[in-house]
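A.B. asks: my questions are about this predicted structure, shown below with the sequence.
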Amino acid sequence: MMFVHSRTDSMRNRTLSCVIALSLLSAACAKDLNARTAQRYFESAKAADQAGDWPTAQEHWWRAYVNVKLAGARKQSQALLLYNYGRASGVLCQFDKAENSLKEALALDQQDSGPVYMDLVELGRLTSHQQKFEEARRYYERSLVELDRVNGQSQSPIGYSEILDEYASVLAALGRQDDSETKRQRAKELRDKHPDMHSLTTQTPYGQACEKSGK
């Protein structure tokens, strides 16, 4: 199982699946051109994302999405590009745009029977950053249901423990201290059972590049 983030256990490998997805596009000339264009923007967006060049990442994730859609890619491929576009938008403090893009990514993944847990987690992170804690609680709760459905705790215990900790922080913000402590204890138990495992996760730095978006 892959935890997919931009998304193995690192949650950073979802974008890599785009390379495979793009290779399955139609061979028709116009669509093939869109596929090649999408691939170029995908590679550029990924590099910008990793370098912290969020304005470029945002623009190129969007251009990759537009071309993938024109190429007739399956909805999961469209979803992962919207997911990353939403992340970049959130870093640039374009929160409405970020939330709408992540919700659309979630809807596309649902329509295509794709994994939805990271869409939900990312929506939880975004709304938590904005202190919309009740919304965040609902997203984290749903994400854990989806992770349990695919045995996420066994497949990626450290990643699962991190999500539990994030959920615990949201519960604490809502004044649900007992529930929060229960989640934190569960997360600690998972880490204690896997002392040699380490997370490579890099969380989306929401709101940290507002000046770059002109806000």
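C.D. replies: Okay, I see it.
A.B. asks: show me what counts as buried in stretch 169-185.
C.D. replies: Buried residues in stretch 169-185, counted by 16 or more other C-beta atoms under 10 Å: 169, 170, 171, 172, 176, 179, 180, 183, 184. To be clear about C-beta, it is placed using only N, CA and C from the backbone, and glycine gets the same treatment.
A.B. asks: in the chain, which spans are helices?
C.D. replies: 17-23, 29-51, 54-70, 75-91, 95-111, 117-129, 133-149, 152-155, 157-173, 177-193 (DSSP state H).
A.B. asks: closest to residue 132 out of the buried residues of stretch 169-185?
C.D. replies: residue 170 (9.8 Å; C-beta to C-beta).
A.B. asks: I'd say the closest one and residue 136 touch.
C.D. replies: Yes: contact criterion C-beta atoms under 8 Å: residue 170 and residue 136 qualify, at 4.7 Å.
A.B. asks: shared neighbours of the two, anything?
C.D. replies: Here residue 170 and residue 136 have 124, 128 as joint contacts, going by C-beta atoms under 8 Å, 6 or more residues apart in numbering.
A.B. asks: domains for this structure, by residue range?
C.D. replies: 1-94, 116-195 (automatic domain parsing).
A.B. asks: so in this structure, where's the weakest helix or strand by average pLDDT?
C.D. replies: helix 17-23 (a mean of 44; mean pLDDT, DSSP states H and E).
A.B. asks: what's the local residue count around residue 93?
C.D. replies: By other C-beta atoms under 10 Å, 19 other residues sit near residue 93.
A.B. asks: great, nothing more from me.
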